[in-house]
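1. Predicted structure and sequence below. I'll ask about it afterward.
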Amino acid sequence: MINAAYLHIPFCEHICHYCDFNKVFLKGQPVDGYLQALDQEMKMTIEQYPTDRLETIFVGGGTPTSLNEQQLYKFCESINKRLPKSDKLEFTFEANPGDLTKEKLQILKDAGVNRISLGVQTFNEELLKKIGRVHKEKDVYQTIENAKALGFKNISIDLMFSLPEQTIADLNETLTKAFSLDIAHYSAYSLIIEPKTVFYNLLKKGKLATNGEDIEATMYELLMEEMDKHGFRQYEISNFSKPGFESRHNLTYWNNESYYGFGAGAHGYISGARRANIGPVKRYIDQINSGVLPIFEEHQVTITEQIEEEMFLGLRKIAGVSVAHFISKFNQDPLNLFKNEIADLIAKQWLEVDKNHIFLTKKGRLLGNEVFQAFLAVSKD
């Protein structure tokens, strides 16, 4: 059963220096044609791969709220028409502080959206400029105030650390301001410099000062410490929440479950196959208009790959991998299957095992990718 859907809006009014997601400048784009194609993709996919209900819907980008009010209304109407929803639906929209006017918030509220995720990144305005963000600190406070006034209780913000020239003091100040917001959820990511980004090109030219691994690790430890001190439980490597406000949609990914991916460049996991949609907007629209699903590539996941994914995705969760769930899913015991790897990682103090879970230690969270690597190409079909 497919219980989750991701929808991608690739349009942005500004491109951030670190972003490698599928996105294009909004100006001159066939936005209405894109929304129409997205509507058709939902219709065609649900007919081909039906589901009774969705527990989570997540709209990301790009910048979903770069749509004007009329387009936003039409898009929400399309989602509600095409996608079957549970009574306990978690319905998330990503937005930039400052983009989300009272009018747009009202449209989202009326459409059943009940979770807002804001790309804040930092409260330091100099750093915001350096990373290509255009909102100001005051926009964050105003947007959250407006959302709360309309009754939004489930609000999350994204933060980034280890930004170029960011100091420990900068991060501390950002966290202090973030905790003053009285919201339920924080996501916090270290900067990763990806190819085809502004930062990547600057780094290649020697024009980007980056923090070393030691400073990054210190920042992450500070982050975990402060979140815990302020009552936010870390439930995944990069995510912290008040009890009951964990992102159910993102848990779909870490639990290695199926989900729809709609839109240009979106990824989905349906009927045991991971698939990626065509990225360029015009090609995506043309494919839909020709009556064909816009799949760029599709890969049937082997049992070996499913087992590997179950381990490295599951270990992102602080609770880790459930041994009982693994056995019921694959009819194999991970403690036997990965006996040597687990013993080695326990010896390094990166992994722990209790009676029913395999999970990262605090030290292991700092070295997640190295831990995950240990479980690749080990399992057998």
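-> Arrived safely, thanks for sending.
2. any weak-confidence spans in the protein?
-> 14-15, 17-22, 193-194, 196-200, 202-204, 207-210, 212, 377-381 (pLDDT under 70).
3. go again using 80 as the cut-off
-> Across the chain, the ranges flagged by pLDDT under 80 are 13-23, 25, 192-213, 377-381.
4. remind me, longest strand of it?
-> strand 85-95 (DSSP state E).
5. Pull up the pairing partners for it, direction included.
-> Strands adjacent to strand 85-95 in the sheet, as given by DSSP bridges, are strand 54-61 (parallel), strand 115-121 (parallel).
6. buried set for whichever strand or helix holds Asn80?
-> Using DSSP states H and E, Asn80 maps to helix 69-82. For helix 69-82, the neighbour count (16 or more other C-beta atoms under 10 Å) marks 71-76, 78-79, 82 as buried. From N, CA and C alone the C-beta is placed, and that goes for glycine too.
7. Give me the neighbour count for the nearest residue to Val140 once chain neighbours are set aside.
-> Using C-beta to C-beta, 6 or more residues apart in numbering and skipping the chain neighbours, the partner closest in space to Val140 is Pro97 (4.4 Å). Neighbourhood size, Pro97 [other C-beta atoms under 10 Å]: 22.
8. One more: Asp87?
-> 6.
9. Please report how far it lies from Thr252.
-> Separation of Asp87 from Thr252 (C-beta to C-beta, to the nearest Å) stands at 18 Å.
10. do Thr167 as well
-> Plainly put, Thr167 is 36 Å away from Thr252 if you go by C-beta to C-beta.
11. With neighbour numbers in mind, choose between these two.
-> Shown here are Thr167 and Thr252; by other C-beta under 10 Å, Thr252 has more neighbours (21 against 14).
12. How about the contacts made by the more buried one?
-> Contact partners of Thr252, counting by C-beta atoms under 8 Å, 6 or more residues apart in numbering, are 3-4, 56, 259.
13. Equivalent analysis for Leu100, please.
-> 65, 116, 118, 143, 146-147.
14. repeat for Ile144
-> For Ile144, the contacting residues are 97, 118, 155, 181, 183, by C-beta under 8 Å, 6+ apart.
15. Pull out the buried members of those.
-> 97, 118, 155, 181, 183.
16. Tell me the buried residues in stretch 131-149?
-> Buried residues in stretch 131-149, counting neighbours by 16+ other C-beta under 10 Å, are found at 131-133, 135, 137, 139-140, 142-144, 146-147.
17. Pick out whichever of those sits closest to Arg365.
-> Nearest to Arg365 out of the buried residues of stretch 131-149 is Ile131 (C-beta to C-beta; 24.2 Å).
18. Could you check how far that closest one is from Asn250?
-> 23 Å.
19. same deal with Gln300?
-> Gln300 is 24 Å from Asn250, where distance means C-beta to C-beta.
20. neighbour-wise, which of the two wins?
-> Just comparing Gln300 and Asn250: by other C-beta under 10 Å the higher neighbour count belongs to Asn250, 21 against 10.
21. what's that one in contact with, if anything?
-> With C-beta under 8 Å, 6+ apart, Asn250 has these contacts: 58, 236, 239.
22. What backbone torsions are found at Gly231?
-> Main-chain torsions, Gly231, degrees, to the nearest 10: phi 90, psi 20.
23. Counting neighbours, what do you get for the residue nearest to it when sequence neighbours are not counted?
-> Spatial nearest neighbour of Gly231, chain neighbours left out: Lys242 (6.7 Å); criterion: C-beta to C-beta, 6+ apart. Residues lying near Lys242 (other C-beta under 10 Å) number 15.
24. quick one: the helix or strand that contains Phe240 to chain centroid distance?
-> Here Phe240, judged by DSSP H and E, is contained in strand 239-241. Per C-alpha atoms, centre = their mean, to the nearest Å, the displacement of strand 239-241 from the mean C-alpha position of its chain is 12 Å.
25. Check stretch 140-149 too.
-> The answer for stretch 140-149 is 22 Å, by C-alpha atoms, centre = their mean.
26. Send me it as CSV with only the CA atoms.
-> Included here for stretch 140-149 are C-alpha records, laid out as CSV according to Å, rounded to 0.1, in the frame of the first residue of the first chain:
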residue,chain,number,x,y,z
VAL,A,140,10.8,34.7,9.7
TYR,A,141,9.0,36.2,12.7
GLN,A,142,6.2,37.7,10.6
THR,A,143,5.5,34.6,8.6
ILE,A,144,5.4,32.4,11.7
GLU,A,145,3.2,34.9,13.5
ASN,A,146,0.8,35.0,10.5
ALA,A,147,0.7,31.1,10.3
LYS,A,148,0.0,30.8,14.1
ALA,A,149,-2.8,33.4,13.8
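27. show me where the stretch 251-381 of the chain has strands.
-> With strands called from DSSP state E, counting those that start in this stretch, the stretch 251-381 of the chain shows them at 260-262, 267-270, 273-277, 295-300, 321-322, 351-353, 357-360.
28. which of those sits most buried?
-> strand 260-262 (a mean of 24; mean count of other C-beta atoms under 10 Å).
29. which helices and strands sit right next to it?
-> For strand 260-262, the packing partners by 3 or more C-beta pairs under 8 Å, 6 or more residues apart in numbering; DSSP states H and E come out as strand 4-9, helix 31-48, strand 267-270, strand 273-277.
30. Okay, now the sheet partners of it, with direction.
-> strand 4-9 (parallel).
31. angle of the partner strand against strand 273-277?
-> Strand 4-9 runs at 20 degrees relative to strand 273-277, counting by axes from the mean of the first three to the mean of the last three C-alpha atoms, to 10 degrees.
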